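Asks: Provide a 3D model corresponding to the input given below.
(one chain, ligands or ions: 1)
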Amino acid sequence: MMINTNLVIGCGLSGVVIARLLARSGEKVLVIDRKNHIAGNIYDYKDENEICIHKYGSHIFHTNNENVWQFVKEFTDFNTYMHKVIALIDGIETTIPFNINTLYEVLPQSLASRIEDKLLKNFEYNTRVPILEFQKQNDEDLKFLAKYVYEKVFLHYTTKQWGKSPEEIDNSVTARVPVYISRDDRYFQDKYQGIPLNGYTKMVEKILDHPLIEVKLNTEYNSAEFSDFKRIFCTGSIDEFFNYKYGILPYRSVNFKFETHNCEFYQSNAVVNYPCNYDFTRIHEYKYYLNDRSKKTVIAKEYSQDFKLGKNDRYYPIINEENTKLYEKYKKEIPQNVYFLGRLGDYKYYNMDKAIERAMELFEEIKSNGKS
Ligand code: UDP
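Replies: From the prediction side, this is the model:
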């Protein structure tokens, strides 16, 4: 029937990128999604106050990959936004990742100055040191700082975010936010950063706007129909694809509590982290991203929780030995013309640029070995 058509399951970033690449090479693609909107978890929309809301939490595009940047630029312009994260530590609003500026903001000047000298003697300037690495020191002052940062920045935030302490989660997760031997207050150091000027949903709309791409929303996949397609690209979770026959792959989910406030600004920055206080991890204030003008402001308090089948959405794979083993067990059974990709499909904590890079690599792989 549609044997010349590719089926892409999931209309999030990974799905739409692979769809566009296939279409560009002259292949037909059907993209389906069970949700009633495109763009997956990067979905955003303008609310009644003309504020662009990131429904599934703040998304800031950043990359060093020229190919990825060229790809997205074809579908949207970006502003020149450089993301910063403020955290409330000991009642003081300061910068995350913890850097030399943070040091001076939270500690008495003489102590900060002494510690700065020692930091510069022990670490190369501009290096990013993971907290679990940073703790391995002998000097008393640096030990004090490591303990301070561990407790004030990582311990409670990570416990709220993952339900586990920093030692219990994969090192790569806490390493995303290092101790930064620098005065650079930005959250990311990538060459290219920004927010799509008309939002992510519009960007995705453009990626999908190709005569060889068809999109069907509110549509579940039906494996009985797989033989009708040339290839299947699944960006959903692999355990679901196999009917959970080896068990459920764990994820963390997030619950956003949205509030509209009758003031121009609610907080001093787009994201404020609360590593020591409250049950939420952070508060997003959306109007900062595109400089939206409104007398009101919309914020979202982010509460982390376990993913529960049928109750909430999957946001973060929980990377550890046991879960990776389970993923690999499923992976061995992937049929010949089926490919998995994306945060859920690969069970990897991809940033947006990495999700695009992965889709590009998969496309190249398929085209170069001619496997279908
Ligand atoms: N993290 C933390 N305190 C912070 C910010 C981050 O402990 O103030 C840790 C936490 O474990 C988190 C991880 O670093 O899950 C990665 O943070 P990132 O901001 O990259 O998370 P995302 O924005 O992807 O949720």
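
Asks: roughly how far is the one helix or strand Glu133 maps to from the heart of the chain?
Replies: Here Glu133, judged by DSSP states H and E, is contained in helix 131-134. From the chain centre to the centre of helix 131-134 is a distance of 22 Å (CA atoms, centre = their mean, to the nearest Å).

Asks: anything in that helix near the ligand?
Replies: No - Helix 131-134 lies out of reach of the ligand by CB under 6 Å from any ligand atom, never closer than 7.9 Å. The C-beta positions use only the backbone N, C-alpha and C, and glycine is treated the same way.

Asks: need the next SSE after that helix, C-terminal direction.
Replies: Next in sequence after helix 131-134, counting helices and strands by DSSP H and E, comes helix 140-149.

Asks: what does the helix holding Glu133 contact?
Replies: Contact with helix 131-134 is made by 146, 149-150, 153-154, 166-167, 171, 174-175, 178-179, as judged by CB atoms under 8 Å, 6 or more residues apart in numbering.

Asks: mind redoing it with 10 Å?
Replies: With contact meaning CB atoms under 10 Å, 6 or more residues apart in numbering, helix 131-134 is reached by 97-98, 119, 122-123, 142, 145-146, 149-150, 153-155, 158, 166-167, 171, 174-175, 177-179, 181.

Asks: again, but for stretch 306-324
Replies: Applying CB under 10 Å, 6+ apart, the set of residues contacting stretch 306-324 from outside is 35, 40-41, 56-57, 161-164, 168-173, 236-237, 239-240, 244, 248-255, 304-305, 327, 331, 343-344, 346-350.

Asks: Asn262 contacts Val298, doesn't it?
Replies: No - contact criterion CB atoms under 10 Å: Asn262 and Val298 do not qualify, at 11.2 Å.

Asks: before we move on, back to that, check which residues of the helix holding Glu133 are buried.
Replies: 131, 134 (16 or more other CB atoms under 10 Å).

Asks: and if you look at stretch 178-194?
Replies: Buried-residue list, stretch 178-194, by 16+ other CB under 10 Å: 178-182, 184-188, 190, 192-194.

Asks: return the member of the residues you listed nearest to Ile92.
Replies: Nearest to Ile92 out of the buried residues of stretch 178-194 is Asp185 (CB to CB; 14.4 Å).

Asks: wait, is the closest one part of a helix?
Replies: No - counting by DSSP: H, G, I helix; E, B strand; the rest coil, Asp185 is not part of a helix but coil.

Asks: can you give me the distance of the residue nearest to Leu13 when sequence neighbours are not counted to the ligand?
Replies: Nearest residue to Leu13, sequence neighbours excluded (CB to CB, 6 or more residues apart in numbering): Ala355, at 5.0 Å. According to CB to the nearest ligand atom, to the nearest Å, Ala355 stands 12 Å off from the ligand.

Asks: list the contacts for the residue nearest to Lys296 when sequence neighbours are not counted?
Replies: With CB to CB, 6+ apart as the measure, Asn49 is the residue that lies nearest to Lys296, at 4.8 Å, once sequence neighbours are left out. Listed by CB under 10 Å, 6+ apart, the contact partners of Asn49 are 260, 286-287, 292-298.

Asks: quick one, strands of the stretch 151-300 of the chain?
Replies: 179-180, 192-194, 213-216, 231-234, 251-261, 271-273, 282-285, 297-306 (DSSP state E, counting those that start in this stretch).

Asks: using JSON lines, please lay out those strands together with distance to Tyr81 and mean pLDDT.
Replies: Shown next, in JSON lines, are the strands of the stretch 151-300 of the chain (distance: least, CB to CB, whole Å; pLDDT from 0 to 100):
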{"stretch": "strand 179-180", "distance to Tyr81": "19", "mean pLDDT": "98"}
{"stretch": "strand 192-194", "distance to Tyr81": "5", "mean pLDDT": "98"}
{"stretch": "strand 213-216", "distance to Tyr81": "29", "mean pLDDT": "98"}
{"stretch": "strand 231-234", "distance to Tyr81": "31", "mean pLDDT": "98"}
{"stretch": "strand 251-261", "distance to Tyr81": "21", "mean pLDDT": "98"}
{"stretch": "strand 271-273", "distance to Tyr81": "12", "mean pLDDT": "98"}
{"stretch": "strand 282-285", "distance to Tyr81": "14", "mean pLDDT": "98"}
{"stretch": "strand 297-306", "distance to Tyr81": "17", "mean pLDDT": "98"}
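
Asks: check Lys371 and give its pLDDT.
Replies: At Lys371, the model reports a pLDDT of 47.
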